[in-house]
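*Asks:* This is a predicted model, with the sequence first.
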Amino acid sequence: MFETQEYTVTHSNAPSLRSFIQIDPASDFPIQNLPYGVFSAADSPKPRVGVAIGDFVLDLAVLEDEGLLDLSPAYEVFAQPSLNPFMALGPVVWSKVRAAISALLRDDNPRLRDDKPLRSRALRPRNEVTLHLPFHVAGYTDFYSSKEHATNVGVMFRGKDNALQPNWLHMPIGYNGRASTVVVSGTRVRRPRGQLKPPSADVPSFGPCKRLDFELEMGVVIGQPSSLGEMLTETQAEAMIFGFVLLNDWSARDIQQWEYVPLGPFQSKAFATSISPWVVTREALEPFRVAGPAQDPTPLPYLQQVSAQNYDLALDVALQAAGSNAVQNISQTNFKYMYWSSVQQLMHHASSGCAMSVGDLLGSGTISGPEKHQRGSLLEISWNGTEPVELAGGVKRTFLEDGDSLVMRGWCQGNGYRVGFGEVEGTIVAAD
Ligand SMILES: O=C(O)/C=C/C(=O)CC(=O)CC(=O)O
Ligand SMILES: [Ca+2]
Ligand SMILES: [Mg+2]
């Protein structure tokens, strides 16, 4: 199944591991990462699965053809236009494939290193490929699991005394989003139209959103199904998570404010959700696991976790105003602040007996930290439009304008390397 090489087996996360490919220490894609994506190229337009390594994409369909990653000869898993068939094979196979890819890319393994014809077929410069949505999104649920974000939004919408609703500290609150409008980084985001009823208006009108926002989130990619009626333990939930992407939950705040009582956000979120193209595996993030904030009151037994389920994952957001060349940082935060973990979100999601599917996407909820510069949305940064963001050239922003571009980046800093997510970018285009 996999060729074995005579060398000391080093764990695929070892900081000492080196590839024969020259990789900048600041690269998001060292041999310790190996995120999966789906790509095509001008000379071969069929999308298939690849792995990012340095400035290259490793074409797994080519390696599979060479018999280097054969999982089930009857079915070519990596020649598919999504990660779903590979994810469906489960965590034991994920781990074996990761080890095989890591081994092939090592600087002390001649198999690919010295095979120049194979290298030229299997390795493509990343700037010469097109990146596609990496998996078929079966379902999309967005959560609301940052205590700082929920408190900020609650104070703005419901007042200081009612900021956190009574249920918030007892369960990860979530709502079902639209899988059909999850798009890959670089897809332009059309300003939504909707019903608007500002406080000053007696009746609603219909027109373009005037308070368009972003939400900095992480997306959890579910790689294994659960059965109808089945609850999940912490261990089961953890094993179902294939990996993570960056996620921008674009939000129409004026549409949201009028529609969200009594059932929560709907059209204000349904128009677009952007994700980064590389799925970073849970295994690559293993060295960066940390405990989350103390949970008080203690969660009910079905939601309790004994392992550290948060990640020390730095995040930043930059805004390029329409017509400007300046790309300015407007937020810097960290995924470690999240009150409810991704594992707890998944345990809660299945707790009613809801069946989960391969390709389900769970939005973490907006990631805000305790400091003002750590806020994960313009709603918070501009404090509901009352504190405009000062940008270069005297440009100010409270909410996004047509032609504005927003870029989110995320990474885990290791010892001499970083496990990065690349970026998720979107540019706003006018409603009409
Ligand atoms: O009603 C509120 O308090 C706000 C709800 C949301 O913004 C929904 C959402 O996307 C939550 C999040 O991303 O944290
Ligand atoms: Ca959200
Ligand atoms: Mg959304």
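*Replies:* Okay, I see it. Numbering: from 1, shown residues only. Ligands and ions are numbered 1, 2, ... in the order given.
*Asks:* for this protein, which helix is longest?
*Replies:* For the chain, the longest helix by residue count, based on DSSP state H, is helix 91-105.
*Asks:* how about it: buried residues?
*Replies:* Using 16 or more other Cβ atoms under 10 Å as the test for burial, helix 91-105 gives 91, 94, 97-105. No exception for glycine: its C-beta is placed from N, CA and C like everyone else's.
*Asks:* Those residues: which ones sit near ligand 2?
*Replies:* The residues of those that also fall near ligand 2, by Cβ under 5 Å from the ion, amount to none at all.
*Asks:* Now render those residues as a markdown table, adding distance to Glu286.
*Replies:* Listed next are the buried residues of helix 91-105 as a markdown table, based on distance: Cβ to Cβ, whole Å:
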| residue | distance to Glu286 |
| --- | --- |
| Pro91 | 12 |
| Trp94 | 13 |
| Val97 | 16 |
| Arg98 | 11 |
| Ala99 | 13 |
| Ala100 | 18 |
| Ile101 | 16 |
| Ser102 | 13 |
| Ala103 | 18 |
| Leu104 | 21 |
| Leu105 | 18 |
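*Asks:* Thr141 belongs to a strand?
*Replies:* Yes - checked against DSSP: H, G, I helix; E, B strand; the rest coil, Thr141 lies within a strand.
*Asks:* Check the gap between it and ligand 1 for me.
*Replies:* 11 Å (Cβ to the nearest ligand atom, to the nearest Å).
*Asks:* Quick check, that residue in contact with Tyr175.
*Replies:* Yes - Thr141 is within contact range of Tyr175, at 7.2 Å (criterion: Cβ atoms under 8 Å).
*Asks:* More neighbours: which of the two?
*Replies:* Shown here are Thr141 and Tyr175; by other Cβ atoms under 10 Å, Thr141 has more neighbours (21 against 15).
*Asks:* What residues does the more buried one make contact with?
*Replies:* By Cβ atoms under 8 Å, 6 or more residues apart in numbering, the residues touching Thr141 are 174-177, 349, 360-363.
*Asks:* Mind doing that once more with 6 Å?
*Replies:* 174, 176, 362 (Cβ atoms under 6 Å, 6 or more residues apart in numbering).
*Asks:* how many neighbours does the first one have?
*Replies:* In other words, Gly174. Gly174: 19 neighbours (other Cβ under 10 Å).
*Asks:* Next one: it from Met347, what distance?
*Replies:* Separation of Gly174 from Met347 (Cβ to Cβ, to the nearest Å) stands at 12 Å.
*Asks:* again, but for the second one
*Replies:* For Asn176, the distance to Met347 under the criterion Cβ to Cβ works out to 17 Å.
*Asks:* Among those two, which residue is more densely surrounded?
*Replies:* Met347 (24 against 11).
*Asks:* Let's test this: what are the backbone torsions at the more buried one?
*Replies:* Dihedral pair for Met347: phi -60, psi -40, per degrees, to the nearest 10.
*Asks:* Please apply the same query to the one 10 residues further on.
*Replies:* Backbone geometry at Ser357, expressed as degrees, to the nearest 10, gives phi -120, psi 160.
*Asks:* May I have the residues that are in contact with it?
*Replies:* 138, 225.
*Asks:* The residue lying closest to His373 once chain neighbours are set aside: which element?
*Replies:* Among residues not flanking His373 along the chain, Gln332 sits closest, at 5.9 Å (Cβ to Cβ, 6 or more residues apart in numbering). In the assignment (DSSP states H and E), Gln332 maps to strand 327-334.
*Asks:* again, but for Ala150
*Replies:* helix 147-158.
*Asks:* Show the subsequent helix or strand relative to that helix.
*Replies:* In N-to-C order, the element after helix 147-158 by DSSP H and E is strand 174-176.
*Asks:* So the longest strand anywhere in the chain, near ligand 3 or not?
*Replies:* Determined from DSSP state E, the single longest strand within the chain is strand 418-429. No - between strand 418-429 and ligand 3, judged by Cβ under 5 Å from the ion, nothing touches; the nearest distance is 11.2 Å.
*Asks:* Name the residues that touch that strand?
*Replies:* If you take Cβ under 6 Å, 6+ apart as the criterion, strand 418-429 is touched by 28, 33, 185-186, 188-191, 246, 248, 274, 276, 278, 280, 284, 400, 402, 404-412.
*Asks:* re earlier: how near is the residue nearest to His373 to ligand 2?
*Replies:* Using Cβ to the ion, to the nearest Å, Gln332 is found at 19 Å from ligand 2.
*Asks:* Ok, Ile275 next?
*Replies:* 13 Å.
*Asks:* With adjacent residues omitted, what lies nearest to that residue?
*Replies:* Using Cβ to Cβ, 6+ apart, the closest residue to Ile275 is Val245 (4.5 Å).
*Asks:* from what I can see that neighbour touches Glu217, true?
*Replies:* No - taking contacts as Cβ atoms under 6 Å, Val245 lies outside contact range of Glu217: 9.5 Å.
*Asks:* Mind checking which of those two has more residues around it?
*Replies:* Neighbours per residue (other Cβ under 10 Å) separate Val245 from Glu217, with Glu217 holding more: 31 against 28.
*Asks:* Could you grab the helix/strand/coil label for the residue located most distally from the centre of the chain?
*Replies:* The centre of the chain is farthest from one residue, Asp202, which by Cα atoms, centre = their mean lies 39.7 Å away. Recorded secondary structure, Asp202: coil (three-state DSSP).
*Asks:* before we move on, back to that, closest to ligand 3 among the contacts of Thr141?
*Replies:* When the contacts of Thr141 are ranked by distance to ligand 3 (Cβ to the ion), Asn176 comes first, at 11.1 Å.
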